[in-house]
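Engineer: Using only what follows, build the 3D model:
(2 chains)
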Amino acid sequence: MPIPDLFTEGLKRDWKVTNAAQLEQDLTLEADIAIVGSGAGGATSAEILSAAGFKVLLIEEGGLFTSSDFKLQEHEAYPDLYQEGLGRMSKDGAITILQGRAVGGTTLVNWTSCFRTPEPTLAHWASEHEVLGHSVEELAPWFARIEERLGISPWAMPPNANNDVLRRGCEKLGLHWQVIPRNVRGCWNLGYCGLGCPTNAKQSMLVTSIPALLDNGGELIYLARAERLQLDGGRVTGLECVAMDERCVAPTGRRIQVHARHYILAGGSINTPGLLLRSEAPDPHGILGKRTFLHLTTFSWAQFDQQINPFYGAPQSIYSDHFQWQDGATGPMGYKLEVPPMQPGFSATVLGGTGVVNSELMQQLPNANMMIALLRDGFHPDSSQGEVQLRSDGSPVLDYQLTDYTWEAVRRTYQSMAEIQFAAGARTVTPVHNDARPASNLAEAREMIDALDLRRFKARLGSAHVMGGCAMGEDASRAVTDSLGRHHQLENLSIHDGSLFPTSIGANPQLSIYGLTARLSSLLAERLAG
Amino acid sequence: MPDTTADAPGINRRQLLKLGLFGTAVLTTVGGIASLGGCSADTPAQGFQQLRKDDLPMLRRVIPVVLVGALPAEQQAAIVEGVLLALDNNLNQLSPSLNTQLLQLFDLLTLGVTRGAVTGIWGSWENANDEAVQAFLKRWENSSFALLQQGQNALTNLILLSCYSTPASWPQCGYPGPPRI
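Structural biologist: Model (predicted):
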């Protein structure tokens, strides 16, 4: 039986959806509220504000891809669905950055892990960054509302064998582990969340908040890049967008002029600070784009005697926070442990390097496990941080400089992951570093890890979580917006995405973005109605 | 005789430092300097969207070395051609900024004025043996210049992604492919 394509069926109704690539002339659009970005923050805001009776225009740079487009093929999904055609990296090329770019944003391609913002993170924001009104208690009803909306609950099926390595290893060593809550309904347990969900089980923005916006009479325009905010004193007077070609690479030459009463930026960290930088938005304290964070991610590869088939099954269902908060929020850097889905293109590229080690390990892919450590940066003054800058063509890029404080944690992550993988019965473990070789016992792994030359390019690094760059806080000399996401200098501009976070989250950020922006949007609706 | 570095025989340290110090995007800078010395054709080769005629012999030698052990002995040439097409498609959907950086990296590797100095491969790419290609990749990986480390990383990542994302590589890594739904 064919799977219903919810979005395509909706398009047959009276939804207002425009493909800017096909515009034959310039266009002017008017709305009460214009929102840039259709991911977690933008689409959540669009649903709430349109339900409150406002005319909402949602603007997306990427293309529109729906369930019948998702063929579970890496070579098709990566160029279509990711920022810069999966080429996005830190400025020096050392860190691969995975961010979605399509209608639905990163929610279309994330691995469905949902965590409420950790209590130590919120406490740190309140005490160190003058963030008001975001305590665990104040946010709880908003998280509960989103969990209900998106079907978020701990994964009820057994973990796949790749996740079970993490569970077994932690269990054996007496370390913390838990089941991951996922935003799915009727999930088929296929394992291809990163390539677009072909069954509409993932409750991404494509099948939830964006249809709700369109049912509420809102409007969506895609393949439209927000180029520049037009400013007059302390107000935004317009937004200039350029139509992109179907590849989302080159402008077609058509322009879209947007006028709205209020503007919301939700293009995610990197793109949101980038748009403000291009617009030469007021930045009297020179903080725009600064303090941009990653959950810098390291990898450890293990071979098992038994078959794991790590490319199949719900990609993330088990996590460990054993090493996350053990030294408090501001001690040596903490990290969360998870596993990724291991389709071959992703796996081979993470492994990197040349020659026999890569191909020897890849030939045993069905018996492999990979573990990842997500480092929690931004809490300690010496931790690495990034700065969003503009390239000569105006496109944004993240300059991310690693520090000794961060490298110290990188080495610990390799040690932790190797220990867990051997405890789970691994035959060999290879920290994913160009100089590493498969170690056949923990002592050998420990010795190798202690001796690894930790530097860019040798250590294979990635990140799927970019946060900060437009920090919120009450002190206008240290924050771009106030605690409600209102720009400190531009009165009719709000920011509703992960760029608000004053540090990294210390957990996969999607639920933090949903919960926070749901609250900010509801308060904005009250203010605009008042 | 100027003192040449172990990283890139034939190019002296001062020249390399100049390359790295001027301009923000180092690859762009070097590519720019490279393209002053000889003009590579900017039009795509027949059958390709981005790759140019001079890129092909270089990539046809580098791809099998990066993928050594990963390609079946028979029909290897056909698989390499498949990787080239996948790589070309990836380039075609990259952001213009990254696309330009990669094509300028290819310029650096293929233009007569820079090729020998930066890769150690003085003859044509067609005649470079596996050992020479492997030595070039290792030299760049272990170079003290971020520029060369970055170039090696970008080149090998692109080849690995392009190869393993496509079905032709799957039998070698035991991947049965996605489930049918």
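
Engineer: Which residues are in contact with the closest residue to residue A:395 other than its chain neighbours?
Structural biologist: Leaving aside its chain neighbours, residue A:395 sits nearest to residue B:97 (5.4 Å; criterion: Cβ to Cβ, 6 or more residues apart in numbering or on different chains). Every residue, glycine included, has its C-beta placed from N, CA and C. Neighbour list for residue B:97: A:84, A:391, A:393, A:395, A:397 [criterion: Cβ atoms under 8 Å, 6 or more residues apart in numbering or on different chains].

Engineer: what does residue B:177 give?
Structural biologist: Contacts for residue B:177 (Cβ under 8 Å, 6+ apart) come out as B:167, B:170.

Engineer: and if you look at residue A:335?
Structural biologist: Residue A:335 touches A:323, A:324, A:373, A:374, A:375, A:376, A:409, A:412, A:413, A:416, counting by Cβ under 8 Å, 6+ apart.

Engineer: Let me have those residues in JSON lines, extended by pLDDT.
Structural biologist: Converted to JSON lines, the contacts of residue A:335 look like this (pLDDT from 0 to 100):
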{"residue": "A:323", "pLDDT": "98"}
{"residue": "A:324", "pLDDT": "98"}
{"residue": "A:373", "pLDDT": "98"}
{"residue": "A:374", "pLDDT": "98"}
{"residue": "A:375", "pLDDT": "98"}
{"residue": "A:376", "pLDDT": "97"}
{"residue": "A:409", "pLDDT": "98"}
{"residue": "A:412", "pLDDT": "98"}
{"residue": "A:413", "pLDDT": "98"}
{"residue": "A:416", "pLDDT": "98"}
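
Engineer: Which of the residues you listed fall within helices?
Structural biologist: A:409, A:412, A:413, A:416 (DSSP state H).

Engineer: what's the closest non-adjacent residue to the residue nearest the centre of chain A?
Structural biologist: In chain A, the C-alpha nearest the mean C-alpha coordinate belongs to residue A:465, at 4.1 Å (Cα atoms, centre = their mean). Nearest residue to residue A:465, sequence neighbours excluded (Cβ to Cβ, 6+ apart): residue A:295, at 4.3 Å.

Engineer: In this structure the one you found contacts residue A:374, no?
Structural biologist: Yes. Applying Cβ atoms under 8 Å, one finds residue A:295 in contact with residue A:374, separated by 3.9 Å.

Engineer: what residues do these two have in common as contacts?
Structural biologist: A:336, A:465.

Engineer: OK, now which residue of the stretch 351-500 of chain A is nearest to chain B?
Structural biologist: residue A:359 (3.3 Å; Cβ to the nearest Cβ).

Engineer: so which helix or strand takes in that residue?
Structural biologist: helix A:356-362 (DSSP states H and E).

Engineer: Which strand residues bridge residue A:372?
Structural biologist: As for beta bridges, residue A:372 partners with residue A:299, residue A:338 under DSSP bridges.

Engineer: For it, which residues are in contact?
Structural biologist: A:297, A:298, A:299, A:300, A:337, A:338, A:339, A:340.

Engineer: Spell out, range by range, the strands that occur in the stretch 401-530 of chain A.
Structural biologist: A:428-431, A:461-463, A:466-468, A:493-495 (DSSP state E, counting those that start in this stretch).

Engineer: Residue B:160: helix or strand, and which one exactly?
Structural biologist: Here residue B:160 sits within helix B:146-164, counting by DSSP H and E.

Engineer: Does anything pack onto that helix? Which helices or strands?
Structural biologist: helix A:74-81, helix A:344-351, helix B:13-21, helix B:26-37, helix B:55-66, helix B:76-93, helix B:96-110, helix B:130-141 (3 or more Cβ pairs under 8 Å, 6 or more residues apart in numbering or on different chains; DSSP states H and E).

Engineer: quick check: angle from that helix to helix B:130-141?
Structural biologist: Using axes from the mean of the first three to the mean of the last three Cα atoms, to 10 degrees, the inter-axis angle of helix B:146-164 relative to helix B:130-141 is 130 degrees.

Engineer: How far away from the center of its chain is helix B:146-164?
Structural biologist: Here helix B:146-164 is found 7 Å from its chain centre; the criterion is Cα atoms, centre = their mean, to the nearest Å.

Engineer: cool, stretch A:425-432 as well?
Structural biologist: Distance, centroid of stretch A:425-432 to centroid of chain: 28 Å (Cα atoms, centre = their mean).

Engineer: Now do the buried residues in that stretch.
Structural biologist: Going by neighbour count (16 or more other Cβ atoms under 10 Å in any protein chain shown), the buried part of stretch A:425-432 is A:426, A:427, A:428, A:429, A:430, A:431, A:432.

Engineer: Provide a list of residues in contact with residue A:247.
Structural biologist: Residue A:247 makes contacts with A:79, B:92, B:93, as judged by Cβ under 8 Å, 6+ apart.

Engineer: what sits against the residue nearest to the spatial centre of chain B?
Structural biologist: Chain B has residue B:155 as the residue nearest its centroid, 4.5 Å off, counting by Cα atoms, centre = their mean. By Cβ under 8 Å, 6+ apart, the contact list for residue B:155 reads B:62, B:66, B:105, B:137.

Engineer: pLDDT-wise, which helix or strand of chain B ranks last?
Structural biologist: helix B:13-21 (a mean of 42; mean pLDDT, DSSP states H and E).

Engineer: returning to what we had before: list, out of the contacts of residue B:155, those positioned next to chain A.
Structural biologist: When these are filtered against chain A using Cβ under 8 Å from any Cβ of the partner chain, the residues retained are B:66, B:137.
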